[in-house]
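1. what shape does this take:
(2 chains)
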Amino acid sequence: MYPRNPKIFFLIPAYNESKVIGDVVRSVKSEFEDVVVIDDGSIDQTSQKAQEAGAVVLKHLMNRGQGAALKTGIDYALCEGADILVTFDSDGQHQLDDAKNMISQILTGRYDVILGSRFLYKDNQIPWLRRGVLKLGTVFTCLVSGIKVTDTHNGLRVLLRSAAEQMLIQQDRMAHASEILDEIGRLKLRYCEFPTRIVYTDYSKQKGQNSLNAFRILRDFLIQKLGG
Amino acid sequence: MQFIQFIIILFAIFALTGIFIRFRRKTINFLEFFLWSFFWFMVGLCVSLPNITQWFAKILGVGRGADAVFYIGIVSLSYFLFRLYIKIRHIEQEITHVVRKLALNDLEHTKK
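-> This is a model prediction of the structure:
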């Protein structure tokens, strides 16, 4: 079913992450060969730092959003013959061990997509506002997409090539996370969630999305669902 | 004729002239020319002969002519706003498409 040595591509969308991107790439690169950073129009040294750390860098000339960056990475990885695609945040919140365990899980052949969930990992210290917004997101996703998940906006995902090939990602901004879940439902892909540890540092809290962005995500996603 | 009627009619004539010039320069197509001309013509007509709106209000079952214009205005504006939003979204998607192509092509060039 899978090649003996599957080609695993890590896709890391980044926007002005020069402070941490080097460490994130080096950490992943220590165990995986194909690391792709999609620099989404950064105005700092993100591209250079990522390149120095050994990543392949795709540079957007202007900021188009995380969804757009991820799609660029997916297109590239599929062209390069990826068997497994891992989406990974650039701010250092995700743990490589979690990604490795998720890869092992997908290699069992029982799933097409493995989704990270910060709520399944009990020790995560999630700010209350974010916890509330994300919980509302799970109810919304269940109602709209028919997908039952505990965490709708976790950037750590592992996808089989066949799943990535079928998914239509049209949302450029943060609503892509809801769109991916919607696609899983539409395509009836086999999925499961995996507990992931999230490290909320001052840096990542400052860089991460504002919980109030949820309204914008909801608007973008609904307009697309309504045929816009 | 009241002063406000004079101002609006003058503005409608100004708008119609602008539309005609743009059509002649081919910056808008015939359909756009027709629709916008019709719109400003109707504005001019309703302002010059306000009784027309009364007749129209009766057909719609609304009390006053001014109310009919107001309701239709709100509905039309909402529709145009939605169309504009969708158009902007499409343009944004096209920009993303171009930015993506450039990013992938740049890497291809670098590899060579």
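
2. show me the contacts for residue 44.
-> You didn't pick a chain, so chain A it is. A:16, A:17, A:18 (CB atoms under 8 Å, 6 or more residues apart in numbering or on different chains). C-betas here are computed from N, CA, C, even on glycine.

3. oops, wrong one, chain B.
-> Residue B:44 is in contact with B:8, B:9, B:12, B:13, B:16, counting by CB under 8 Å, 6+ apart.

4. are we agreed that the third one is in a helix?
-> Spelled out, that is residue B:12. Yes: the assignment for residue B:12, made by DSSP: H, G, I helix; E, B strand; the rest coil, places it in a helix.

5. pull up the residues of chain B that are close to chain A.
-> By CB under 8 Å from any CB of the partner chain, the residues of chain B that approach chain A are B:85-86, B:89, B:92-93, B:95-96, B:99-100, B:102-104, B:106-107.

6. which members of those residues are classed as buried?
-> Buried by 16 or more other CB atoms under 10 Å in any protein chain shown: B:89, B:96, B:99, B:100, B:102, B:103, B:107, out of these.

7. any chance of those residues in JSON lines, plus secondary structure and pLDDT?
-> What follows is these, written out as JSON lines (DSSP: H, G, I helix; E, B strand; the rest coil; pLDDT from 0 to 100):
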{"residue": "B:89", "secondary structure": "helix", "pLDDT": "88"}
{"residue": "B:96", "secondary structure": "helix", "pLDDT": "96"}
{"residue": "B:99", "secondary structure": "helix", "pLDDT": "97"}
{"residue": "B:100", "secondary structure": "helix", "pLDDT": "97"}
{"residue": "B:102", "secondary structure": "helix", "pLDDT": "97"}
{"residue": "B:103", "secondary structure": "helix", "pLDDT": "97"}
{"residue": "B:107", "secondary structure": "helix", "pLDDT": "87"}
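
8. list just the nearest of those to residue A:52.
-> Set against residue A:52, the nearest of those by CB to CB is residue B:107 (16.4 Å).

9. residue contacts, the residue lying closest to the closest one once chain neighbours are set aside?
-> Once flanking residues are discounted, residue B:107 sits nearest to residue A:58: 5.6 Å by CB to CB, 6 or more residues apart in numbering or on different chains. By CB under 8 Å, 6+ apart, the contact set of residue A:58 is A:36, A:37, A:38, A:39, A:72, A:73, A:76, B:103, B:104, B:106, B:107.

10. quick one, helices of chain A?
-> A:21-29, A:46-52, A:66-79, A:96-106, A:128-145, A:161-166, A:176-186, A:202-207, A:213-225 (DSSP state H).

11. could you redo those as a markdown table and give each row distance to chain B?
-> Converted to a markdown table, the helices of chain A look like this (distance: least, CB to the nearest CB, whole Å):
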| stretch | distance to chain B |
| --- | --- |
| helix A:21-29 | 16 |
| helix A:46-52 | 10 |
| helix A:66-79 | 5 |
| helix A:96-106 | 23 |
| helix A:128-145 | 19 |
| helix A:161-166 | 15 |
| helix A:176-186 | 11 |
| helix A:202-207 | 22 |
| helix A:213-225 | 8 |
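
12. just send those back as a markdown table, with mean neighbour count, mean pLDDT and distance to residue B:61 too.
-> Listed next are the helices of chain A as a markdown table, based on neighbours: other CB atoms under 10 Å in any protein chain shown; pLDDT from 0 to 100; distance: least, CB to CB, whole Å:
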| stretch | mean neighbour count | mean pLDDT | distance to residue B:61 |
| --- | --- | --- | --- |
| helix A:21-29 | 21 | 96 | 64 |
| helix A:46-52 | 21 | 97 | 61 |
| helix A:66-79 | 23 | 97 | 47 |
| helix A:96-106 | 17 | 96 | 62 |
| helix A:128-145 | 16 | 82 | 37 |
| helix A:161-166 | 17 | 97 | 51 |
| helix A:176-186 | 23 | 92 | 42 |
| helix A:202-207 | 13 | 70 | 56 |
| helix A:213-225 | 17 | 71 | 32 |
